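Student: Build the 3D model from these lines:
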Amino acid sequence: MKKTLSLLAVLMAAGVAATPVQAATHYVSGMAGISWMQNMDAICTDSSQSDNNVKYDLGSGINVLGAVGCDYGHTRLEAELGYQSNDLKSMTGINVVSNNWDGPMKGDVAVMSLLANGYYDFDLGSKVELYATAGVGVAQISFDKVGSG
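Tutor: Prediction:
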């Protein structure tokens, strides 16, 4: 994780240094809302288990995102930090840690993400804006407050 974050920081610094900062317009953006994750199925790779499927039934949650960036005219560079937390309505299957759980569990699933994005804006001469984007990032997924339902 530390190597990935270091590489991300180097790429962002190189992108900012490639264009004169004096020509940039700096901006900050944010977003918040309600999110729904898809239900998930996972397969345990431990061949000693007869039933090796885990099913996650996910509910609604919150999603917040913040970004800072520089607009250089037709190109933009941006760093983005996001957080999403959803209810884990039920989790059924085997416990790959203790190898003995098969009952329903409840809790929260959280995702923290860090991204570096680049944009290229196409000037169409109208109120319609068209752009292409590419990015690189990392995410950390965690299960919190998981217990018997």
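Student: okay, and for this structure, where does confidence drop off?
Tutor: Per-residue confidence for the chain (pLDDT under 70) gives these ranges: 1-23, 44-52, 93-105, 147-149.
Student: what ranges do the strands span in it?
Tutor: In the chain, the segments counted as strands under DSSP state E are 25-36, 40-43, 53-71, 75-93, 105-122, 130-148.
Student: Return the most buried member of those strands.
Tutor: Sort the strands of the chain by mean neighbour count, taking mean count of other Cβ atoms under 10 Å, and strand 75-93 sits at the top with a mean of 18. Where C-beta positions appear, they are placed from N, C-alpha and C, glycine not excepted.
Student: which one is residue 58 nearest to, not counting chain neighbours?
Tutor: Leaving out its chain neighbours, the residue that sits closest to residue 58 by Cβ to Cβ, 6 or more residues apart in numbering is residue 37, at 4.4 Å.
Student: Please disregard the earlier target; I meant residue 25.
Tutor: Using Cβ to Cβ, 6+ apart, the nearest residue to residue 25 is residue 71, at 4.4 Å.
Student: so that neighbour bridges to which residues?
Tutor: Taking DSSP bridges, one obtains residue 25, residue 76 as the residues bridged to residue 71.
Student: and what of residue 55?
Tutor: residue 41, residue 92.
Student: Let the chain start at 32 from now.
Tutor: Sounds good: first residue 32 from here, last item residue 86.
Student: need the contact list for it.
Tutor: Contacts for residue 86 (Cβ atoms under 8 Å, 6 or more residues apart in numbering) come out as 70, 71, 72, 73, 121, 122, 123, 124.
Student: cool, and residue 94?
Tutor: By Cβ under 8 Å, 6+ apart, the residues touching residue 94 are 62, 63, 64, 65, 66, 113, 114, 115.
Student: can you check residue 107 too?
Tutor: Neighbour list for residue 107: 100, 101, 148, 149, 150, 152 [criterion: Cβ under 8 Å, 6+ apart].
Student: With the flanking residues excluded, which residue is spatially nearest to the second one?
Tutor: Nearest in space to residue 101, with sequence neighbours left out and distances taken as Cβ to Cβ, 6+ apart, is residue 55 at 3.9 Å.
Student: pretty sure residue 101 is touching residue 110, no?
Tutor: No - assessed by Cβ atoms under 8 Å, residue 101 is found out of contact with residue 110, at 9.7 Å.
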